[in-house]
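K.L.:
need a structure here:
(one chain, ligands or ions: 1)
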Amino acid sequence: MEEIQSQSDNNRSSSSSASSPASRVPSSNFFYLRKPGSLRQPISFEDSPDWGDTDIDVRVDDGGDSINAATTPASPSLSKLNSRSFPSPPLPEGAVMARKIAGASVVWKDLTVTIKGKRKYSDKVVKSSTGYALPGTMTVIMGPPKSGKSTLLKAIAGRLHHSAKMYGEVYVNGAKLDMPYGSYGFVERETTLIGSLTVREFLFYSALLQLPGFFCQKKSVVEDAIIAMSLSDYANKLIGGHCYMKGLPSGERRRVSIARELVMRPHVLFIDEPLYHLDSVSALLMMVTLKKLASMGCTLLFTICQSSTEVFGLFDRICLLSNGNTLFFGETLACLQHFSNAGFPCPIMQSPSDHFLRAINTDFDRIIAMCKNWQDDNGDFSSVNMDTAVAIRTLEATYKSSADAAAVETMILRLTDKEGPRLKTKERQAVLQG
Ligand SMILES: Nc1ncnc2c1ncn2[C@@H]1O[C@H](COP(=O)(O)OP(=O)(O)OP(=O)(O)O)[C@@H](O)[C@H]1O
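P.N.:
Numbering: from 1, shown residues only. Okay, the predicted model is just below:
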């Protein structure tokens with residue numbers, strides 16, 4: 001543990017500048033005025049800074065599309081062992097080899113979920129949802145409370161409660177298989193951390209419990225996770241948080257729970273409400289950190305109830321749910337256009353996320369009814385002059401017949417057309433190593 005400590009000190013001095021507020025904000029213009037499609041370029045995984053020791057084969061199709069990526073074992077010894085057992089096929093001409101974190105493409109098609117109540121299965125909690133998440137991007141499932149966001153996320157990750165029934169298909173790298181152990185991470189909305197350990201100790205013990213492999217590898221995955229989650233300044237601080245000890249601030253606690261999943265070096269990371277209970281500054285820092293993680297190649301899929309304009313500008317794609325129905329799936333900027341096309345343009349000076357939720361959250365009808373008498377004198381709450389139920393129906397119908405929906409279908413056909421490299425379980429590596 002002393003070794004870990006000294007390494008952490010070195011690390012702290014070398015990375016403290018990296019986590020200073022000025023350097024936390026990317027220099028590029030990332031707000032939502034970004035050009036549509038600007039993040040659609042194929043992902044090359046070539047310029048990832050922090051995951052240099054993650055061994056990845058990234059294979060580029062003849063068409064130049066590098067959506068599917070596969071892992072190779074994480075140590076030279078394993079590499080040799082595996083190359084003996086499973087000789088890798090020769091790479092096609094023009095293929096790119098890089099040693100970076102590899103995301104995986106995730107597709108969900110016609111996903112419907114019902115949940116069993118006391119006697120029978122309930123109405124559908126998620127209704128025929130279709131969408132996808134690509135490596136190197138952040139895809140957000142957004143909607144009002146109880147719209148089915150968490151249920152959809154769990155269904156895609158294969159983590160539904162046994163009382164739930166799922167219909168439809170989920171593909172990972174084009175294959176209809178469950179994601180193997182260690183290939184993905186799932187961060188619950190509320191996680192339990194061990195308050196009597198420091199952040200570094202907690203992550204180290206998590207790595208010991210979860211990962212096969214040698215000690216030195218585990219140290220490096222812990223340090224990588226600390227850097228990836230911008231936790232260098234907190235690495236040697238106690239997590240705390242019980243009645244006798246003041247704990248880390250909630251933003252840092254949330255980042256520790258994400259870092260715990262990162263020690264597995266997942267290809268896909270699912271997070272239920274990463275901004276849960278965070279103030280606006282912590283929320284922005286969290287999202288910038290996640291954006292950096294995505295830019296290394298990881299596929300990020302998470303739920304969010306609401307976001308500020310700056311945070312909204314960081315998302316790549318949005319799946320908008322209302323009462324289990326998908327009202328839109330596509331790029332964030334296209335979502336604004338979709339609302340405009342359906343007759344609900346976003347007013348100037350209003351956050352897009354507020355506008356979307358205002359239009360589709362039926363609870364607003366009650367507020368407007370409550371305030372009917374004095375609303376005229378106190379301004380208008382409503383940017384959507386229509387009954388919310390009608391707005392939802394209009395948005396749904398507009399989406400179903402839109403070019404966006406057709407583009408999603410086409411993309412899904414492409415992503416499921418042929419199988420990409422299979423993700424490997426971390427357990428199997430342990431067996432091979434032993
Ligand atoms: N295990 C369960 N048992 C019974 N009902 C459930 C279960 N899980 C979800 N539901 C119901 O499914 C609906 C959608 O819940 P879900 O948690 O997916 O929504 P959400 O959009 O994530 O909401 P919130 O943001 O408020 O958590 C809710 O009406 C909820 O009561």
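K.L.:
pLDDT value on Pro212, please?
P.N.:
pLDDT for Pro212: 76.
K.L.:
neighbours around it, how many?
P.N.:
18 (other CB atoms under 10 Å). Bear in mind the C-beta positions are built from the backbone N, C-alpha and C, glycine included.
K.L.:
Any chance you could note which residues of the stretch 151-300 of the chain sit beside the ligand?
P.N.:
With CB under 6 Å from any ligand atom as the criterion, the stretch 151-300 of the chain comes near the ligand at residues Thr151, His161, Ser163.
K.L.:
packing partners for the one helix or strand Met411 maps to?
P.N.:
Under the criterion DSSP states H and E, the helix or strand holding Met411 is helix 403-417. Packing partners of helix 403-417 (3 or more CB pairs under 8 Å, 6 or more residues apart in numbering; DSSP states H and E): strand 106-116, strand 121-133, strand 325-331.
K.L.:
Looking at the ones you listed, which one is packed in the most?
P.N.:
Ranked by average neighbour count under the criterion mean count of other CB atoms under 10 Å, these are headed by strand 325-331 at a mean of 26.
K.L.:
the inter-axis angle of that strand versus strand 121-133?
P.N.:
10 degrees (axes from the mean of the first three to the mean of the last three CA atoms, to 10 degrees).
K.L.:
So what touches the helix or strand following strand 325-331?
P.N.:
Following strand 325-331 in sequence order, the next helix or strand is helix 332-341 (DSSP H and E). Helix 332-341 is contacted by residues 32, 34, 36, 312-313, 315-318, 320, 328, 330, 345-346, 352, 355-356, 359, 395, 398-399, 402, 404 when judged by CB atoms under 8 Å, 6 or more residues apart in numbering.
K.L.:
on that earlier part again, can you redo the helices and strands packed on helix 403-417 as a markdown table with mean pLDDT and distance to the ligand?
P.N.:
Formatted as a markdown table, the helices and strands packed on helix 403-417 follow (pLDDT from 0 to 100; distance: least, CB to the nearest ligand atom, whole Å):
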| stretch | mean pLDDT | distance to the ligand |
| --- | --- | --- |
| strand 106-116 | 92 | 4 |
| strand 121-133 | 87 | 4 |
| strand 325-331 | 94 | 12 |
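K.L.:
Indicate which one of those strands is closest to Ala207.
P.N.:
With distances scored as CB to CB, the stretch of the helices and strands packed on helix 403-417 nearest to Ala207 is strand 106-116 (24.6 Å).
K.L.:
For stretch 392-408, buried residues please.
P.N.:
Buried residues in stretch 392-408, counting neighbours by 16 or more other CB atoms under 10 Å, are found at Ile392, Thr394, Leu395, Glu396, Thr398, Tyr399, Ser402, Asp404, Ala405, Val408.
K.L.:
repeat for stretch 251-259
P.N.:
Gly251, Glu252, Arg253, Arg254, Arg255, Val256, Ser257, Ile258, Ala259.
K.L.:
The second one touches Leu231, doesn't it?
P.N.:
Yes - taking CB atoms under 8 Å as the contact criterion, Glu252 and Leu231 are neighbours in contact, 6.7 Å apart.
K.L.:
Now list whatever residues contact both of those two.
P.N.:
Common neighbours of Glu252 and Leu231 (criterion: CB under 8 Å, 6+ apart): Val199.
K.L.:
Whichever residue of the stretch 251-400 of the chain sits closest to the ligand: how many residues sit nearby?
P.N.:
In the stretch 251-400 of the chain, the residue that lies nearest the ligand is Cys305 (5.3 Å; CB to the nearest ligand atom). For Cys305, the count of nearby residues is 16 (other CB under 10 Å).
K.L.:
and it, what is it in contact with?
P.N.:
Listed by CB under 8 Å, 6+ apart, the contact set of Cys305 reads Met142, Gly143, Pro144, Pro145, Lys149, Glu273, Leu357.
K.L.:
Of the residues of the stretch 151-300 of the chain next to the ligand, which is the nearest to the ligand?
P.N.:
Lowest distance from the ligand to those (CB to the nearest ligand atom) belongs to Thr151, with 3.4 Å.
K.L.:
Tell me the pLDDT of that closest one.
P.N.:
pLDDT for Thr151: 95.
K.L.:
Setting aside sequence neighbours, what's the nearest residue to it?
P.N.:
Spatially, and ignoring its direct neighbours in sequence, Thr151 is nearest to Val125 (4.8 Å; CB to CB, 6 or more residues apart in numbering).
K.L.:
Turn the contacts of Cys305 into TSV, including distance to Thr130.
P.N.:
Below are the contacts of Cys305 laid out as TSV (distance: CB to CB, whole Å):
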residue	distance to Thr130
Met142	16
Gly143	15
Pro144	20
Pro145	23
Lys149	15
Glu273	22
Leu357	22
